[in-house]
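[1] Build me a structure from this.
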Amino acid sequence: MTPDFVLRLGWAIGRVLGREFGTPRILIGKDTRRSGYMFESALEAGLSAAGVNVLLLGPQPTPAIAQLTRELDACAGIVISASHNPHYDNGIKLFDTDGAKLPDEIEQRIEAELEEPMDIDPQSLPGKARRINDAGRRYLDFCKGTVPEGFRLDGLRLLVDCAHGAAYQLAPKLFEELGADVVAVGVEPDGTNINDGCGATCPEYVRAQVRQHHATLGLAVDGDADRLIMVDEEGEIVDGDDLLYVIARARQAQDSLRGGVIGTQMSNLGLEQALASLGIPFERAAVGDRYVQEQLLARDWQLGGETSGHIICRDRACTGDAMVAALQTLEALHILDLSLCQARADLRKYPQTMINVHCPRDHAPGPATDAAVKDACDELGERGRVLLRPSGTEPVLRVMVEGEDHGRVEALAQSIADSIAANV
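    As a prediction, this is how the structure comes out:
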């Protein structure tokens, strides 16, 4: 991304949404990357040139932008963030007026508008821009409203790792206001340290911090705070599959689980089997929280998510939200009257190996890879899975193999990865 591109993107967004809403109002939020200030200014200028009124929210979690787009009756919300990626990456996320990801059809119209000359009518009035100073407070109140009135975390010592990202102020405050004793780490952003050896993408760090500070539980979010990874009382890392299982189990106990659970192609086979043992339906969507949300809406189910920690509680929030997911997990433990370790004890995960092979985004696996995949599938049978998928954010092809024997899983994954690398 360049400032010139973001300027034109803002103009294109404004032109397309202006045809839908007349004089639209759009929110802009960002994470803590230094480049966010540059892109925020360019985006604001492009939107204003298209006649859009802009509300600037500053550094805020991605799910806060989604929620506030609904609350402030804006026609769209824009987040400047590269999520879990390093500081030198950046990107743009768009939400519609309901706080959902912008429909493909609208995105395609914006892409088409980008190809048009950026003509500005000198007779037209540019949009206005102003800052919303209470965005964080509004979002905290929303999060607290997703658990029962009077819900408290007194006596709980929480290690909260904010990845030097968008939640560095709000996440510790949320759990403190609910009574927890909070030890906050990853709360000193300098514009370049976001996701750097900390947060949801580096759970070993939060595990070490939990031990060092003698915390009861650890919570780690990523740079834009839509992913959650936890560490339980025994020091074990708890990913999105575990969280889905615990929340689903508690909701079933309360007879409040509508439908089943949506996972993805990456969800562990053990999750599917553990939910089946409880009589809870489970379906897989394509990888990506957008596709989980689509399946939830299509089936009118409430709960879904990804192994990476995107958890969607559709009856509580309009998108994946790490802080809401943490509260839902803590409430589930209260309902079940169990520790996190106990609540997930019946979820037996299969060993799973992931190898990233660097290759062009349009790379097509050749006959050797097809043969390696077939051999792996034949060996694993119904007690394992093989999945190849391109990354949505990096020029890599992800090779995932899952099965009962860890050694064989690693060997099969490496064989497939080697066949891909040899054909690049």
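
[2] Which residue ranges of this structure form helices?
    Counting by DSSP state H, the chain has helices at residues 3-21, 35-49, 62-71, 104-114, 135-144, 170-177, 203-212, 240-253, 269-277, 289-299, 322-336, 340-343, 367-380, 406-421.

[3] Would you tell me which one of those is buried the most?
    Compared across the helices of the chain, helix 62-71 shows the largest average neighbour count, a mean of 26 (mean count of other Cβ atoms under 10 Å). C-betas here are computed from N, CA, C, even on glycine.

[4] how big is the angle separating that helix from helix 322-336?
    90 degrees (axes from the mean of the first three to the mean of the last three Cα atoms, to 10 degrees).

[5] What mean pLDDT does helix 62-71 get?
    Averaging pLDDT along helix 62-71 gives 96.

[6] and that helix, C-alpha only, in PDB?
    Extracted in PDB, the C-alpha atoms of helix 62-71 (Å, rounded to 0.1, in the frame of the first residue of the first chain):
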ATOM      1  CA  THR A  62     -11.200  -4.100  14.800                       C
ATOM      2  CA  PRO A  63     -14.400  -5.400  16.500                       C
ATOM      3  CA  ALA A  64     -14.800  -2.000  18.200                       C
ATOM      4  CA  ILE A  65     -15.000  -0.400  14.700                       C
ATOM      5  CA  ALA A  66     -17.600  -3.000  13.600                       C
ATOM      6  CA  GLN A  67     -19.700  -2.400  16.700                       C
ATOM      7  CA  LEU A  68     -19.500   1.400  16.600                       C
ATOM      8  CA  THR A  69     -20.400   1.500  13.000                       C
ATOM      9  CA  ARG A  70     -23.700   0.000  14.100                       C
ATOM     10  CA  GLU A  71     -24.000   2.100  17.200                       C
END
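
[7] And this protein, what are its domain boundaries?
    According to automatic domain parsing, the chain comprises the domains 3-135, 145-343, 352-421.

[8] Next, the contact list for the closest residue to A129 other than its chain neighbours, please.
    Spatially, and ignoring its direct neighbours in sequence, A129 is nearest to V54 (4.1 Å; Cβ to Cβ, 6 or more residues apart in numbering). If you count contacts by Cβ atoms under 8 Å, 6 or more residues apart in numbering, V54 has them with R25, I26, L27, I28, E44, L47, S48, G127, K128, A129, R130.

[9] how about 7 Å then?
    Contact partners of V54, counting by Cβ atoms under 7 Å, 6 or more residues apart in numbering, are I26, I28, E44, L47, S48, G127, A129.

[10] so the first one makes contact with C75?
    Meaning I26. Yes: at 6.4 Å, I26 counts as touching C75 under the criterion of Cβ atoms under 7 Å.

[11] More neighbours: those two, which one.
    Comparing I26 with C75 by other Cβ atoms under 10 Å, the one with more neighbours is I26, at 27 against 19.

[12] Show me what that one is bridged to.
    On the basis of DSSP bridges, I26 is bridged to V54, A76.
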